[in-house]
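*Asks:* Got a sequence here, can you model it:
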Amino acid sequence: MSHLRKSIGLSFVAQYVELIIHFFGVLILARILSPNETGTYSVAAFLMTVMHMFRDFGVVQYIIQERDLTREKIASAMGVAIVLALAVATVLAACSSQFANFFGNPAIRNILLVMALGFAVSPFGSLLIGIFQRDVNFKAILYIRTVSALCHVAVALTLAFQGYGAISLAWANFAGILSYGIVANLLRPKNLPWMPRFNNARTILSFGGISSLGNAANIAGTNMPDLILGKLMSMSAVGYFSRATGLVMLFTRLISGALLPLVLPYFSQMRREGRDLAEPYQQAVEQMTVLSWPFFAVLALLAYPVVHALYGAQWDASVPVVQVLCLAGAISSVGMFATQVMVANGAVRHSTVSQLVVQPFRLVAVLIAARHDLITVAYALVVSECFALLVVSYYLHRAIGIGIFHVLRASRKSLLVAAAGSLAPLLVRMYFPEHDGHPWPPLLLGMFGATVGWLLAIFACNHPFGEQIHAILRMVFQRKDSDDVGVR
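*Replies:* Below you'll find the model as predicted:
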């Protein structure tokens with residue numbers, strides 16, 4: 001358990017260091033780049049994100065979950081990853097002009113060409129990250145992500161200040177990927193092969209074909225609103241929606257982004273040991289919802305001061321979108337670990353089929369809603385998340401024998417904690433009028449009150465997360481005591 005807590009701690013450090021670097025970069029870029037420029041990059045990034053799944057083709061997941069990972073299998077995974085990355089880079093470059101013409105925006109072509117370069121060099125870092133995750137070596141991942149984030153933000157700010165606009169973000173993405181690979185290879189384990197091979201390519205492609213199909217469907221459905229809004233509305237609409245989505249996704253960057261890299265290795269190890277996954281999964285969801293539900297409730301109540309304080313008045317149109325998307329985020333967080341657990345249990349087909357059912361529904365819902373306004377699109381995503389939770393829960397039940405009602409019943413205390421944490425932000429919203437031009441006082445007061453209410457509610461209703469807080473405090477005070485002894 002101590003080893004697991006140490007891994008979680010290092011993963012959180014890596015996540016937060018990267019988040020802080022990108023956070024300050026975004027704060028500055030939001031005041032340099034216009035909503036139109038941000039929207040232009042978001043539309044181009046959609047195609048890059050979808051193609052990323054075909055570039056990876058489940059190779060990293062294969063490395064993490066493979067029971068008997070030999071040098072020969074690693075070399076084959078390397079060969080498959082390199083060939084696929086070069087193929088995807090070629091396709092992306094070839095389609096850049098057509099994609100730009102489709103949206104009537106020539107800037108998209110140059111962005112996609114730069115992104116193609118990033119694809120070409122990406123396997124030299126991503127494959128090693130899979131090895132580090134399998135070995136639970138999050139110290140190496142911390143170094144890699146920190147350097148990559150610094151390079152990304154430095155290039156983005158330098159080019160944006162010089163007036164390069166949306167393509168600044170594309171070159172920043174390339175710089176981040178390149179530095180990612182360089183640092184990963186500097187920390188490369190000595191026993192890993194350097195030369196790619198293709199002996200086990202068929203096995204890897206068989207696993208990856210099923211895995212990547214579901215991943216591609218998931219990413220396409222998640223990022224599809226940007227593409228649809230760019231075609232049916234405007235690039236500014238994409239910018240507002242993208243900014244709202246990015247704010248709601250803060251939870252992923254703050255919490256789940258640090259935990260998700262641990263889910264597949266942790267549950268895969270449990271499966272290799274022959275242990276049942278149902279009860280640990282239920283506990284994981286209970287721990288997740290006590291963080292996610294209060295987060296989204298507080299963000300919805302304080303959406304205006306958060307947007308105004310962080311990004312400035314030019315982004316105020318995204319506030320109502322943020323409020324609705326918080327509901328979608330709260331629903332989504334319940335099944336956040338489901339697909340990873342299915343893959344860890346060997347049910348990769350269940351994971352893929354669930355996404356192939358969910359994502360077309362999401363696509364149709366957004367297409368219908370985009371003919372109205374951004375708020376309607378946000379509500380369409382709420383409906384989509386409800387449908388997704390039902391579908392994923394059905395396939396999860398087939399995989400490990402636990403259904404949605406078991407999970408929701410186990411998370412009932414998290415709902416009480418969320419309600420208690422929302423009281424102070426609700427009073428702040430009632431007392432402080434919006435659009436008064438002074439967002440920081442209500443924001444700080446609301447966040448402080450939410451934190452106090454959250455902590456009191458955890459211990460008042462005896463939520464299991466209280467044990468984690470006690471463990472963290474014990475570690476802190478034990479280290480302080482040992483430091484004091486060392487000083488004396």
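*Asks:* Residue ranges of each domain in the protein, please.
*Replies:* Domain assignment for the chain, taken from automatic domain parsing, gives 1-232, 233-488.
*Asks:* Now the weakest link among those domains, please, by mean pLDDT.
*Replies:* For the domains of the chain, the weakest mean pLDDT is recorded on domain 1-232, namely a mean of 77.
*Asks:* Distance from that one to the middle of the chain?
*Replies:* With Cα atoms, centre = their mean, to the nearest Å as the basis, domain 1-232 stands 12 Å off its chain's centre.
*Asks:* Do I have it right that Ala410 meets Gln287?
*Replies:* No: with contact defined as Cβ atoms under 8 Å, Ala410 and Gln287 do not form a contacting pair (10.1 Å). In short, each C-beta sits where N, CA and C put it, glycine included.
*Asks:* SS state for Ile402?
*Replies:* coil (DSSP: H, G, I helix; E, B strand; the rest coil).
*Asks:* Report how many residues lie close to the closest residue to it other than its chain neighbours.
*Replies:* Nearest in space to Ile402, with sequence neighbours left out and distances taken as Cβ to Cβ, 6 or more residues apart in numbering, is Ala278 at 4.3 Å. By other Cβ atoms under 10 Å, 17 other residues sit near Ala278.
*Asks:* cool, and Ile129?
*Replies:* Using other Cβ under 10 Å, Ile129 has 21 other residues around it.
*Asks:* One more: Val353?
*Replies:* Residue crowding around Val353 was assessed by other Cβ under 10 Å; the count is 19.
*Asks:* Was I right to think it contacts Tyr395?
*Replies:* Yes: in this structure Val353 lies within contact range of Tyr395 using Cβ under 8 Å: 6.6 Å.
*Asks:* Which residues lie in contact with His308 in this structure?
*Replies:* Trp315, Asp316, Pro439 (Cβ atoms under 8 Å, 6 or more residues apart in numbering).
*Asks:* List of residues touching the host helix or strand of Gly181?
*Replies:* Using DSSP states H and E, the element containing Gly181 is helix 167-186. Outside helix 167-186, the residues within contact range by Cβ under 8 Å, 6+ apart are 29, 33, 41, 44-45, 48, 107, 110-111, 114-115, 117-118, 121-122, 124-126, 128-129, 132, 140, 143-145, 147-156, 158-160, 164.
*Asks:* List the buried residues in that helix.
*Replies:* Neighbour counts using 16 or more other Cβ atoms under 10 Å place 167-184 of helix 167-186 among the buried residues.
*Asks:* Only alpha carbons, please: show it as CSV.
*Replies:* Only the C-alpha atoms of helix 167-186 are listed here, as CSV (Å, rounded to 0.1, in the frame of the first residue of the first chain):
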residue,chain,number,x,y,z
ILE,A,167,0.4,28.3,-35.6
SER,A,168,2.2,29.2,-32.4
LEU,A,169,0.3,26.4,-30.6
ALA,A,170,1.2,23.9,-33.4
TRP,A,171,5.0,24.6,-33.1
ALA,A,172,4.6,24.5,-29.3
ASN,A,173,3.0,21.0,-29.6
PHE,A,174,5.9,19.9,-31.8
ALA,A,175,8.5,21.2,-29.3
GLY,A,176,6.7,19.4,-26.5
ILE,A,177,6.7,16.1,-28.3
LEU,A,178,10.4,16.4,-29.4
SER,A,179,11.6,17.3,-25.9
TYR,A,180,9.4,14.5,-24.5
GLY,A,181,11.2,11.9,-26.7
ILE,A,182,14.7,13.3,-26.0
VAL,A,183,14.3,13.2,-22.2
ALA,A,184,12.6,9.8,-22.3
ASN,A,185,15.6,8.3,-24.1
LEU,A,186,18.1,9.9,-21.8
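*Asks:* Quick check on Ile20: phi, psi?
*Replies:* Torsion angles at Ile20 (phi, psi; degrees, to the nearest 10) stand at phi -60, psi -40.
*Asks:* could you measure it against Thr146, distance?
*Replies:* Separation of Ile20 from Thr146 (Cβ to Cβ, to the nearest Å): 10 Å.
*Asks:* for Leu445, same thing?
*Replies:* Leu445 sits at a distance of 33 Å from Thr146 (criterion: Cβ to Cβ).
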